[in-house]
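Student: Any chance you could fold what I've pasted below:
(2 chains)
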2 protein chains.
Amino acid sequence: MKKISDYSAQMEKYVREVNLPGGVLSTLYQPISYALASGGKRLRPSLLLMAADAFGGKAADAFSPAAGIEVFHNFTLLHDDVMDNSDTRRGRPSVFAKWGLNTAILSGDTMLTLATQLISNVEDKLLRPVLDAFNAMAIRVYEGQRLDMDFETSDSVTLDDYIRMIMDKTGSLIGASAKIGALIGGASEKDAEKMYEYGMMLGVAFQIQDDWLDVFGDSTTFGKPIGGDINNNKKSYLVLKGYASGGPEAEALREAMSLPAGDTKVKVVTRIYEKMNLSAICRQEIASYSAKALAALKSTSLSDDDKAAFRAVVEKLTGRKK
Amino acid sequence: MKKISDYSAQMEKYVREVNLPGGVLSTLYQPISYALASGGKRLRPSLLLMAADAFGGKAADAFSPAAGIEVFHNFTLLHDDVMDNSDTRRGRPSVFAKWGLNTAILSGDTMLTLATQLISNVEDKLLRPVLDAFNAMAIRVYEGQRLDMDFETSDSVTLDDYIRMIMDKTGSLIGASAKIGALIGGASEKDAEKMYEYGMMLGVAFQIQDDWLDVFGDSTTFGKPIGGDINNNKKSYLVLKGYASGGPEAEALREAMSLPAGDTKVKVVTRIYEKMNLSAICRQEIASYSAKALAALKSTSLSDDDKAAFRAVVEKLTGRKK
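Tutor: Alright, predicted model coming up:
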């Protein structure tokens, strides 16, 4: 059976070999190489390759568009780091920290056009559907980022608002990766849409899992300190679900969230989450979105073997990993 | 005879009517509407429309790609204002000044994707050539901006470096506008390339003219205070040409450029430029690039009447306007 990790190894190699000019323009391109060499799971391009392969295409035809997806993803991270004033990314200085604001902006802009060039490297008859899917996805990602930023200063964010935001910001990119791969593989429009749905729902499950891991995960496997969302007052699934429950515990949660950042705050908030049984409720929600992803997958015309491979991705990404 | 101003009036209307979502996402889209409503000459999209028309196309087929060029241009201005820390743009607060860094970055990113969507709104058979021309131009614009930024801190910028920079940053966008319009109008590949050359050389002449106006122009018609380049130590055509001449006057110029910003500095530097006869030398250079634009135009298969219309654009943009 195909495994996503087989594709990610291929993708890693391809992305690191993307050819960029040097010389006098290394001030523009070196930060891009740096950003692209920073690793990560290469989930999105690997999913694209796997979908192209599963629907009967050749992986070689999908490498360039897959790299386009990865360059786009890293462009968003690069500009997000500026907007969040983040000094680190995957354990290294961010481009923003290393080269400053102007380079982060301009090299990021360049990455968006590079991504569009890479994604356009498909057969003529696929150019419009692939490009349209890519651009529509990009717009949703910006809209999601905007909502995410606006949520920071809003007291009236609902769970529905939150789900919409993560569909835009996280789900759409994973969905578009699966869809574009399917299109390149020769999938029917119906199958391509089902794969979009699969990736979208997987992305939502994955993001809620990320919120869960922030509180109930293990910092060594999670890769980030536990309680970061609590200390940053992030409108996570957990806190919004807690507020939505109403009653005295919701009131206690609001009070605890107004504590100054620190270990005490994390402990107090986590205690309230436990009282509210939010870990189990959150796991249920993850399972529910995973099930939606699997239902979309099931309705495609893929072989049982290929369906098993995509099912394994859902299990891998939404397993508890505590 | 066609006139560029006829097209700019049409373009003005179309650009202001670009349909953007509102509601909860107005934090993303309102700054874009604001940027697009800030006027300007609409030179680039008007040139695109005029080229489409001249080569036998319908203006209606070119409105969307022309708007794409204008949205792209305004995206670069929006991010440039962040990089230059500029508070004003065309006499109004810049998006950066009005809404802050994060909005300027994210609404700018959105404009780049919107521009790509608008430019892609062409017949299927034109999609790849138009998109390729657009993306290649975008990369050149970023490279030009990077060079421009790097020049600020370099002591060894040559006139050749400068010409390369303005070809990338200014010429390529005007060239691509003329070329894409020609392609949409049904021009041969050869004619489309000639129109690119026409726009490229026009752009270079236009930029050198801008440098000349900064010193020898009239602040009321120029729209900016005279001597801004001198006070900002910009590596303009004039100062680089002055340095390149060598001798004691070049040395005096270097000394004058190290004076603190102010009216005295502008006066002293201008006096040296006059001694070096740089006004006339600069006008010759503008004439030389204008002549290259006209030679490219002459070699196209356009009618004499259409050639006259494009010649009038060169005359309008590179006239002394003192």
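Student: which stretches of the stretch 1-150 of chain A form helices?
Tutor: Secondary structure of the stretch 1-150 of chain A (DSSP state H, counting those that start in this stretch): helices located at A:4-16, A:26-36, A:43-54, A:59-83, A:95-99, A:101-119, A:124-152.
Student: Show me what counts as buried in the longest one.
Tutor: The reference is to helix A:124-152. Using 16 or more other C-beta atoms under 10 Å in any protein chain shown as the test for burial, helix A:124-152 gives A:126-127, A:129-131, A:133-135, A:137-151. C-beta: built from backbone N, CA, C; applies to glycine.
Student: sorry, back to before: among the helices of the stretch 1-150 of chain A, which is the most enclosed?
Tutor: helix A:43-54 (a mean of 28; mean count of other C-beta atoms under 10 Å in any protein chain shown).
Student: orientation of it relative to helix A:4-16 in degrees?
Tutor: Going by axes from the mean of the first three to the mean of the last three C-alpha atoms, to 10 degrees, helix A:43-54 is angled at 110 degrees with respect to helix A:4-16.
Student: Could you write out the alpha-carbon coordinates of helix A:43-54 in CSV?
Tutor: Taking C-alpha atoms only, helix A:43-54 is exported to CSV below (Å, rounded to 0.1, in the frame of the first residue of the first chain):
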residue,chain,number,x,y,z
LEU,A,43,2.1,17.1,4.2
ARG,A,44,0.3,19.2,1.6
PRO,A,45,2.5,18.5,-1.4
SER,A,46,2.8,14.8,-0.4
LEU,A,47,-1.0,14.6,-0.4
LEU,A,48,-1.1,16.2,-3.8
LEU,A,49,1.4,13.6,-5.2
MET,A,50,-0.4,10.7,-3.6
ALA,A,51,-3.7,11.9,-5.1
ALA,A,52,-2.2,12.3,-8.5
ASP,A,53,-0.7,8.8,-8.2
ALA,A,54,-4.0,7.2,-6.9
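Student: picking that back up, check the helices of the stretch 1-150 of chain A for me: which has the lowest mean pLDDT.
Tutor: Note on the helices of the stretch 1-150 of chain A: lowest mean pLDDT is at helix A:4-16, with a mean of 91.
Student: Distance from that one to the middle of the chain?
Tutor: Offset of helix A:4-16 from its chain centre (C-alpha atoms, centre = their mean, to the nearest Å): 17 Å.
Student: OK, contacts around the nearest residue to A:A261 once chain neighbours are set aside?
Tutor: Excluding the flanking residues, the one nearest A:A261 by C-beta to C-beta, 6 or more residues apart in numbering or on different chains is A:N231, at 4.0 Å. Counting by C-beta atoms under 8 Å, 6 or more residues apart in numbering or on different chains, A:N231 makes contact with A:A261, A:G262, A:K265, A:V266.
Student: In strands, which of those residues appear?
Tutor: Among those, no member is found in strands (DSSP state E).
Student: which of those has the most neighbours?
Tutor: A:V266 (21 neighbours; other C-beta atoms under 10 Å in any protein chain shown).
Student: and the gap between the closest residue to that residue other than its chain neighbours and chain B?
Tutor: Of all residues not flanking A:V266 in the chain, A:G227 sits nearest, at 3.3 Å (C-beta to C-beta, 6+ apart). Using C-beta to the nearest C-beta, to the nearest Å, A:G227 is found at 25 Å from chain B.
Student: same thing with A:G199?
Tutor: 19 Å.
Student: Repeat that for A:A52.
Tutor: In terms of C-beta to the nearest C-beta, A:A52 sits 20 Å off from chain B.
Student: now do A:Y162
Tutor: A:Y162 sits 13 Å away from chain B, going by C-beta to the nearest C-beta.
Student: Domain map for chain A?
Tutor: Domain ranges of chain A: A:1-185, A:188-322, per automatic domain parsing.
Student: distance between the first one and the chain's centre?
Tutor: Using C-alpha atoms, centre = their mean, the mean C-alpha position of domain A:1-185 is found 9 Å from that of the whole chain.
Student: now do the shortest one
Tutor: The offset between the C-alpha centroid of domain A:188-322 and the centroid of the whole chain comes to 13 Å, using C-alpha atoms, centre = their mean.
Student: Quick check: residues of chain A near chain B?
Tutor: Proximity of chain A to chain B, by C-beta under 8 Å from any C-beta of the partner chain, involves residues A:24-25, A:27-28, A:79, A:82-83, A:101-102, A:105-106, A:108-110, A:112-114, A:116-117, A:120, A:124, A:127-128, A:131-132, A:135, A:138-139, A:142-143, A:145-147, A:149-150.
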